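Q: Return atomic coordinates for the entry below.
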Amino acid sequence: MAAPRMWPRRALLQAAGGLALAALGAGATRAEQPPVGTLNYDSIRARGILRIPYYEDFAPYSATTPDGPKGIDIAIGREVAQRIGLQAEFFPLVAGEKIDDDLRNGIWRGNVVDRTVGDLMFHIPYDKQIQINNDLTVLFGPYFEEGFAIATDPERMPGGFDPDQDADKRIGVEVDTMPDFFLASGNGGKLRAATVHFPRPVEAVAALGRGEVDAVIIQAAQLEAFAPALAPKAVVRPFLMGGMFRSRWTVGCAIRETCRPLVYEVGDALAAMQADGTMQRLFTEAGVTYWAPQR
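A: I've put the predicted structure just below:
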C-alpha cells in the first residue's frame with residue numbers, strides 16, 4: 001500500500017509486534033507442522049485443515065480470549081471452512097505498519113520467528129492498489145462494508161458534532177487512525193487541540209461513559225459493540241469525512257497466489273452465507289449492523 005497510514009484498515013489497528021507463537025484451536029505444535037515451502041491448493045486439501053490468521057486485538061471482529069479466538073471474522077472463518085469441507089485452524093496476528101506486512105506475515109511467507117503461514121485471511125480491504133502492491137496474494141470475496149461512526153454525550157453535544165463549532169470539546173479517537181488524521185488536519189487544524197488519543201477503541205468508549213470526553217469517533221462496529229455496556233447514554237451516528245479521508249470501504253479476503261482454486265470455493269461459500277441469511281445472523285449475534293458489500 002503506497003500510503004499505509006492513510007488507508008482505513010491500517011489506521012484501525014495498532015501497529016506493534018509480530019505473530020504470537022501459539023496456534024489456537026488445533027492443538028498442533030510447531031514441530032508437527034510442515035515448514036513453509038510450496039503450499040498450494042492440493043496441500044491444503046491433503047491436510048484437511050484451513051489455516052486462518054486473525055488480528056488478535058480487533059474486537060468485535062477478532063480477538064484472543066481465554067477460551068480461544070472469538071469474534072465475527074472467527075465465526076465467518078469457521079462457517080466457511082465447514083462449508084468447503086475443511087477444519088478451521090486459527091493463529092493470532094498483530095497488525096504490522098502496513099497491510100503489505102500483514103499479507104506477507106499471514107499469507108505468503110509466514111513470520112520470521114516460527115514461519116507459521118496461513119491459507120486464508122479475512123478482513124482485508126478489497127482495494128485495487130493493495131492487490132497491485134501484493135502480487136503474491138489474491139484479494140477476493142468482499143463480504144461486508146465498514147465505516148466510521150461518532151458517539152456523542154447527549155448533554156454536552158445535544159445537536160451532534162459540528163466541526164466548525166466544537167473546537168472546545170474533547171473528541172476521543174484511537175491513535176494513528178483515520179479519524180485522528182482528520183481531526184489533526186481537517187478544518188484547517190482547528191480541532192487538533194480537541195483530540196484526545198487512546199491506544200485502543202474500547203478505552204475511548206469507556207472514557208466517554210465516564211464523562212472524560214464529549215465524543216468518540218471510531219469504527220461503527222466497535223461503537224455498536226462497546227457502547228451499550230460502557231457508554232449507554234451515548235448517541236451514535238454515522239461519521240462521514242470529506243476530501244482525502246475515506247469514510248466507508250469494502251472488506252474481503254486474501255489467499256496465496258498458488259491457491260487460486262480457493263477463490264471459487266470460498267467465494268461461493270461467502271455468497272451463499274449472504275443469500276441464506278447466515279452472514280446477517282453472525283453480525284446480529286455480535287450486536288453489529290451488517291452492511292452488504294456494494295458490488
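Q: quick one, helices of the stretch 151-295 of the chain?
A: Secondary structure of the stretch 151-295 of the chain (DSSP state H, counting those that start in this stretch): helices at 178-185, 201-209, 220-230, 261-275, 278-285.
Q: Include mean pLDDT when you put those helices into JSON lines, please.
A: As requested, the helices of the stretch 151-295 of the chain are exported to JSON lines (pLDDT from 0 to 100):
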{"stretch": "helix 178-185", "mean pLDDT": "90"}
{"stretch": "helix 201-209", "mean pLDDT": "97"}
{"stretch": "helix 220-230", "mean pLDDT": "96"}
{"stretch": "helix 261-275", "mean pLDDT": "97"}
{"stretch": "helix 278-285", "mean pLDDT": "97"}
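Q: To residue 60, which of those lies closest?
A: helix 220-230 (3.9 Å; CB to CB). All C-beta atoms are positioned from the backbone trio N, CA, C, and that covers glycine.
Q: Any chance you could list what contacts that closest one?
A: With contacts defined as CB atoms under 8 Å, 6 or more residues apart in numbering, helix 220-230 is touched by 59-61, 72, 146-151, 201-202, 205-206, 208-209, 216, 234, 236, 238-239, 286-289.
Q: Derive a ChimeraX selection command for the buried subset of these.
A: The following ChimeraX line selects those of those that are buried, judged by 16 or more other CB atoms under 10 Å:
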select :59,60,61,72,146,147,148,149,150,151,201,202,205,206,208,209,216,234,236,239,286,288
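Q: Sitting in strands, which of the contacts of helix 220-230 do you find?
A: 146-151, 216, 236, 238 (DSSP state E).
Q: Show me where the chain dips below the pLDDT cut-off.
A: Within the chain, the ranges that satisfy pLDDT under 70 run 1-38, 111-115, 295.
Q: hey, where'd the strands end up in it?
A: 49-55, 57-58, 62-65, 68-70, 87-93, 120-125, 137-152, 171-174, 195-198, 215-219, 235-238, 248-256.
Q: partner strands of the second one, parallel or antiparallel?
A: Each strand that strand 57-58 pairs with, and the sense of that pairing, follows from DSSP bridges: strand 62-65 (antiparallel).
Q: Compute the number of surrounding residues for the closest residue in space to residue 44 that isn't next to it in sequence.
A: Of all residues not flanking residue 44 in the chain, residue 119 sits nearest, at 5.4 Å (CB to CB, 6 or more residues apart in numbering). Applying other CB atoms under 10 Å, we find 26 residues neighbouring residue 119.
Q: Of all the helices of the stretch 151-295 of the chain, which one comes closest to residue 87?
A: Here helix 261-275 is closest among these (CB to CB), at 14.5 Å.
Q: Which strands and helices lie in contact with that closest one?
A: helix 41-47, helix 72-83, strand 137-152, strand 248-256, helix 278-285 (3 or more CB pairs under 8 Å, 6 or more residues apart in numbering; DSSP states H and E).
Q: check contacts around the residue nearest to residue 44.
A: Applying CB under 8 Å, 6+ apart, the residues near residue 119 are 39, 44, 50-52, 107, 255-256, 259, 262.
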